[in-house]
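> everything below, folded, please.
(2 chains)
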Amino acid sequence: MFNSIAQLIDIANSENKPISEIMMEQEIRVSKRSYLEVYQDMERNLDVMQDAVDQGIGGVTSQTGLTGNDAVKMKKYIESGKGLGGDLNLLAIAYAVSTNEVNAAMGKICATPTAGSAGVVPGVLFAMNEQRGLTKEEMVRFLFTSGAFGFVVANNASISGAAGGCQAEVGSASAMAAASLVEAAGGTPEQSGHAFAIALKNMLGLVCDPVAGLVEVPCVKRNAAGASNALTAADMALAGIESRIPADEVVEAMYKIGLTMPSALRETGRGGLAATPTGNRLMQEIFGAE
Amino acid sequence: MKYKSVFDIIGPVMVGPSSSHTAGAARIGLLAKSLFGGTPDYVDIYLYGSFKDTYRGHGTDVALIGGLLGFDTDDNRIIKAVEYAEEAGMQVNFIEMEEERSHPNTAMLRLVKGEERLMIEGISIGGGKIELVSINDYAINISGNYHALLVFHQDSFGTIARVTTVLGNNEINVSQMNVSRKEKGDIALMTIELDEEISPRIIDEVRNIDGVDRVIEMTEN
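Next up, the predicted model:
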């Protein structure tokens, strides 16, 4: 099994295969299942993601009413043609928000790598598909590439907000998405590695400070930021820009930052935005005085 | 390595809002149900750390209850698990603990049905992945997605050998094994990880070994 980004890229290069293929082959070996079974499982996850995006774009509201229907606003704004960012970026924002709004409403989603960060990878994936036209197989491969990079993060650092803050969730998701975007756009495994490193570097230190402990504020909007950041990093890597700090060292830095983060900023709902006057007021309104 | 499959990262498919606090909680409930051998009549659930601070917002409570009722992570009956628990006649009591455990997402479940009692401690390590930390206060150290037998036995000479002999005679290979006890001469726990699934006949054979108290089978979660 590969245990670092460097190793993952080495294997891809020496076997002259895309990273998605390396991940699929490892999964087949470890799970002792066939290529078709592994492929179909991922295809089912892709279908769940598509359903969540569609549901959110149609409009959903969470039980608390704190989040919902922003994906609808975003979609209308895109259709108005007045958007400042490019359409791919705007769509990625809309779909990331859409997925996370469905998550907040206790709808069905696919964790990528977590539920709180589930909007980032599908956000950029479906936006890329709409703008560039991907085959179903390319979309499934996109998820295997994200999975390969996430696998290294999960085993060497953390993908839990309670353990490592939001950098471990939206940060990891954004870096995974950036690596997949590069592969889908025809970039090399090295460029995927640089995109991953750049995206994660930009998210280092991000705390997990959910208002009232709910995966709503600021999670939904951070998914939008994670999607945009992934596109920024992927474009930079595809332009030939390299990360000065190697990807594996960025993962290690993320892990160490997580260790030094106080628990108030690790998914306890006791610090950061959760502890603002408005954050406290919302908590009281939702759960009553405690 | 804690994470072995790409589907630990891209997955699970689940009801929101949190993979660690909702899906992971459902899986802890499911695991407790399977180790207990059914849905209990009564459960005390002790919550620690981030689980304690944010369980209401994350639906950790309903997910744990749902898991105990056998609902998987993507089963939207989780949302109304409290009503389903009432229907099933399962009483659940949540206790918020101030004490810090080794992992921020820790739940301890005390399951009761008639004379049967079982205490399970689980942690949710991220992305919906969980680990079993202790059973009845015995530390458990299971490395991953394997089949395992938990054998509670008398802490006296020969018991371990008798258990491994039964496995050997049935051509079952042990991948990892661990023995823990609370006090000398008391009940001890053998955790035996296996490469493959084991038939109910062999488990019964282990159960009938002199000195063996209770055998629990663990399968992949």
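> what are the phi and psi values for B:L47?
Backbone geometry at B:L47, expressed as degrees, to the nearest 10, gives phi -110, psi 140.
> how close does the residue lying closest to B:G114 once chain neighbours are set aside sit to chain A?
When the adjacent residues along the chain are set aside, B:G114 lies closest to B:D41, with 7.4 Å between them (C-beta to C-beta, 6 or more residues apart in numbering or on different chains). Where you see a C-beta, it was placed from the backbone N, CA and C, and this is true even at glycine. Taking C-beta to the nearest C-beta, to the nearest Å as the measure, B:D41 falls 27 Å from chain A.
> please enumerate the helices of the stretch 101-250 of chain A.
A:120-132, A:136-156, A:161-164, A:166, A:172-184, A:189-201, A:219-238, A:247-260 (DSSP state H, counting those that start in this stretch).
> quick one: is the last one near chain B?
No: shown here: helix A:247-260 not in contact with chain B (C-beta under 8 Å from any C-beta of the partner chain), separated by at least 10.9 Å.
> in the next helix or strand after that helix, what's buried?
Sequence-wise, the next helix or strand downstream of helix A:247-260 (DSSP states H and E) is helix A:277-287. Neighbour-count burial for helix A:277-287 flags A:279, A:282-283, A:286 (criterion: 16 or more other C-beta atoms under 10 Å in any protein chain shown).
> one more: stretch A:22-39?
A:22-28, A:31, A:38-39.
> count the neighbours of A:A185 for me.
Using other C-beta atoms under 10 Å in any protein chain shown, A:A185 has 16 neighbouring residues.
> which helix or strand contains B:D213?
Short version, using DSSP H and E: B:D213 is in strand B:212-218.
> so, in contact with chain A or not, the strand ranked longest in chain B?
Looking across chain B with DSSP state E, the single longest strand is strand B:116-126. Yes: Strand B:116-126 lies within reach of chain A by C-beta under 8 Å from any C-beta, at B:124-126.
> quick one: the strands in chain B, in order.
With DSSP E as the criterion, chain B has strands spanning B:13-15, B:42-48, B:91-96, B:105-113, B:116-126, B:129-135, B:138-139, B:147-154, B:174-181, B:187-194, B:212-218.
> could you find the closest non-adjacent residue to B:F51?
B:N105 (5.2 Å).
> can I assume the one you found is in contact with B:G127?
No: with contact defined as C-beta atoms under 8 Å, B:N105 does not reach B:G127; the gap is 11.6 Å.
> now do the shared contacts for the two.
Common neighbours of B:N105 and B:G127, counting by C-beta atoms under 8 Å, 6 or more residues apart in numbering or on different chains, are A:160, B:20.
> tally of neighbours for the residue in the stretch 51-200 of chain A positioned nearest to chain B?
Closest residue of the stretch 51-200 of chain A to chain B, C-beta to the nearest C-beta: A:S160 (3.0 Å). A count of nearby residues for A:S160, using other C-beta under 10 Å, gives 33.
> same thing with B:Q91?
Count around B:Q91 with other C-beta under 10 Å applied: 12.
> buried set for stretch B:82-91?
So, applying 16+ other C-beta under 10 Å, buried residues of stretch B:82-91: B:84-85, B:90.
> between the residues you listed, which is nearest B:K33?
Closest approach between the buried residues of stretch B:82-91 and B:K33, by C-beta to C-beta: B:M90, at 10.1 Å.
> surely that closest one touches B:F36?
No: using C-beta under 8 Å, B:M90 makes no contact with B:F36, being 11.5 Å away.
> chain center to stretch A:91-106, what's the gap?
11 Å (C-alpha atoms, centre = their mean, to the nearest Å).
> what does stretch A:86-97 give?
Taking C-alpha atoms, centre = their mean, one finds the center of stretch A:86-97 at 13 Å from the center of the full chain.
> kindly report the same for stretch A:215-227.
Relative to its chain's centre, stretch A:215-227 lies at 10 Å (C-alpha atoms, centre = their mean).
> just the CA trace of that stretch, in PDB.
What follows is stretch A:215-227, C-alpha atoms only, in PDB (Å, rounded to 0.1, in the frame of the first residue of the first chain):
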ATOM      1  CA  VAL A 215     -22.700  21.400  10.600                       C
ATOM      2  CA  GLU A 216     -24.200  24.500   9.100                       C
ATOM      3  CA  VAL A 217     -22.500  27.800   9.900                       C
ATOM      4  CA  PRO A 218     -19.800  28.300   8.700                       C
ATOM      5  CA  CYS A 219     -19.500  24.800   7.100                       C
ATOM      6  CA  VAL A 220     -21.700  25.400   4.000                       C
ATOM      7  CA  LYS A 221     -19.800  28.500   2.900                       C
ATOM      8  CA  ARG A 222     -16.500  26.900   3.700                       C
ATOM      9  CA  ASN A 223     -17.300  24.200   1.200                       C
ATOM     10  CA  ALA A 224     -17.700  26.900  -1.400                       C
ATOM     11  CA  ALA A 225     -14.300  28.300  -0.500                       C
ATOM     12  CA  GLY A 226     -12.800  24.800  -0.600                       C
ATOM     13  CA  ALA A 227     -14.100  24.400  -4.100                       C
END
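> still on that earlier bit, dump the buried residues of helix A:277-287 to JSON lines, plus pLDDT.
Below are the buried residues of helix A:277-287 laid out as JSON lines (pLDDT from 0 to 100):
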{"residue": "A:G279", "pLDDT": "97"}
{"residue": "A:L282", "pLDDT": "96"}
{"residue": "A:M283", "pLDDT": "93"}
{"residue": "A:I286", "pLDDT": "90"}
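> tell me the one of those nearest chain B?
A:I286 (7.9 Å).
> got a list of what the closest one touches?
Residues in contact with A:I286 (C-beta under 8 Å, 6+ apart) are A:64, A:66, A:212, A:214, B:57.
> among the residues you listed, who's most crowded?
Busiest of the contacts of A:I286 [other C-beta under 10 Å] is A:L214, holding 27 neighbours.
> centroid residue for chain A?
Nearest residue to the geometric centre of chain A (C-alpha atoms, centre = their mean): A:A173, 2.7 Å.
> distance check, that one against A:K136.
22 Å (C-beta to C-beta, to the nearest Å).
> next: B:M108.
On the measure of C-beta to C-beta, B:M108 and A:K136 end up 44 Å apart.
> so between these two, which is more surrounded?
Between B:M108 and A:K136, counted using other C-beta under 10 Å, the more crowded position is B:M108 (22 against 11).
> does that one touch B:E121 like I think?
Yes: judged on C-beta under 8 Å, B:M108 makes contact with B:E121 at a distance of 4.7 Å.
> and residue 3, what is it in contact with?
In the absence of a named chain, this looks at chain A. Counting by C-beta under 8 Å, 6+ apart, A:N3 has contacts A:152, A:155-156, B:1.
> wrong one, chain B
A:151, A:154-155, B:9, B:127, B:129.
> what's the angle from the longest helix along chain A to helix A:136-156?
Across chain A, the longest stretch assigned as helix under DSSP state H is helix A:35-57. Relative orientation of helix A:35-57 with respect to helix A:136-156: 90 degrees, computed using axes from the mean of the first three to the mean of the last three C-alpha atoms, to 10 degrees.
> care to break chain B down by domain?
Domain segmentation of chain B under automatic domain parsing yields B:6-136, B:147-218.
> which of those has the highest mean neighbour count?
domain B:6-136 (a mean of 22; mean count of other C-beta atoms under 10 Å in any protein chain shown).
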